[in-house]
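> Provided below for reference: sequence and predicted model.
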Amino acid sequence: MAPRLHRPRRRTIALLVLAVLVLLGGGGAWYLQPQPLLPEAQASLGAKPDTAFQKLGDNYEWMPPSMHYSVGLVVYPGAKVPPAAYGPLAQRIAAHGYLVVVVSMPLNMAVLGIDAAKSVIAAHPEVTRWAIAGHSLGGAMAAQFVASSPGVMRGLALWASYSAADISASGVACTSIYGTLDAGADQITSQASRSLLPADCVFVAIEGGNHEQMGYYTGQPNDPPATVTRDDQQTQVAQATLEMLARVQAQPDQFPVPPSSAPSASNAPSAAPSGS
């Protein structure tokens, strides 16, 4: 027969268990704290002479003031990064005649909202061609959406990210943009990562760029300091993304859907980015 615990001992064990739960809960709350935004992010949440702005539900949308556009870009934020951090970049892109929608993710984690693009598409029937972009974990989940929804997206821009799903036969216009000082640059450009993307995917290296400067936020852990300004890096990201969108516009009206079923991320040789 197991010895009976005395009441003081039971109370001690209960307090220890409670302390562990509090620490775990506190650690989880700390981890899910969003990255601090820079002032430019908040300033982007409004109209400018060359862009209109609206908040539709929990998502942020930028578009040309004329409201005339046929191509839309959905943006998945990095882990723990609020969507407003990508407002300045969205403004730059929208000013060239595109709808840009930055999605709010549950707990700021794109892995919890892989199919978020579906509701964006449903809300904008006027858009005839869609592309998707994502930063870090958001980029990996954007690629996963391309894999699980073949033929829906015509283009993909990976911002400091790589795909964990095989989308090599997807037919999307693909661009991978990264800073040379990004700690994940070797993984982004590895042969294993390249093999999962379309053979004609364009790789754009930003000399002196890092991970955090893909958005307007701060506090990115283990991120080397950039040797280019944030504005310079953002300009290059916008230009490379616009070139991808131009390729989307040049595609035939009938976008080919891959004959095989959607690839599974379980076949990927590596996991999705674990940082932002």
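Looks like it arrived, so ask away. Numbering: from 1, shown residues only.

> quick one: contacts of stretch 112-125?
Stretch 112-125 is contacted from outside by 56-57, 59, 72, 74, 76, 99, 101, 103, 105-106, 110, 127, 130, 132, 141-142, 144-145, 148-149, 152-153, using CB atoms under 8 Å, 6 or more residues apart in numbering. For glycine as for every other residue, the C-beta is placed from the backbone atoms N, C-alpha and C.

> So what's the gap between the helix or strand that contains Ile132 and the chain middle?
For Ile132, the element it lies in under DSSP states H and E is strand 129-135. Strand 129-135 sits 9 Å away from the centroid of its parent chain (CA atoms, centre = their mean, to the nearest Å).

> what's the answer for stretch 135-155, then?
With CA atoms, centre = their mean as the basis, the mean position of stretch 135-155 lies at 9 Å from the chain mean.

> try stretch 223-231
Relative to its parent chain, stretch 223-231 has a centroid offset of 19 Å by CA atoms, centre = their mean.

> Can you point out the buried residues in it?
Within stretch 223-231, the residues that count as buried by 16 or more other CB atoms under 10 Å are 223, 226, 228, 230.

> For the strand holding Ile132, enumerate its sheet partners and note whether each is parallel or antiparallel.
Sheet pairing of strand 129-135 (DSSP bridges) gives strand 71-76 (parallel), strand 155-159 (parallel).

> so can I have CSV of those strands showing mean neighbour count and mean pLDDT?
Putting the strands paired with strand 129-135 into CSV (neighbours: other CB atoms under 10 Å; pLDDT from 0 to 100) gives the following:
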stretch, mean neighbour count, mean pLDDT
strand 71-76, 27, 98
strand 155-159, 28, 98
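
> May I see those organised as TSV, with distance to Ala240 added?
What follows is those, written out as TSV (distance: least, CB to CB, whole Å):
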stretch	distance to Ala240
strand 71-76	13
strand 155-159	7
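
> thinking again about what came up before, pLDDT averaged over the strand holding Ile132, what's the number?
For strand 129-135, mean pLDDT rounds to 98.

> what about the strands in the chain?
Remark: strands assigned in the chain by DSSP state E are 52-56, 59-63, 71-76, 99-102, 129-135, 155-159, 173-179, 202-206.

> now those strands as JSON lines including distance to Glu40?
Shown next, in JSON lines, are the strands of the chain (distance: least, CB to CB, whole Å):
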{"stretch": "strand 52-56", "distance to Glu40": "14"}
{"stretch": "strand 59-63", "distance to Glu40": "14"}
{"stretch": "strand 71-76", "distance to Glu40": "16"}
{"stretch": "strand 99-102", "distance to Glu40": "14"}
{"stretch": "strand 129-135", "distance to Glu40": "16"}
{"stretch": "strand 155-159", "distance to Glu40": "17"}
{"stretch": "strand 173-179", "distance to Glu40": "18"}
{"stretch": "strand 202-206", "distance to Glu40": "18"}
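
> Of all these, which one is nearest Thr218?
Comparison of the strands of the chain against Thr218 by CB to CB identifies strand 129-135 as nearest, at 14.4 Å.
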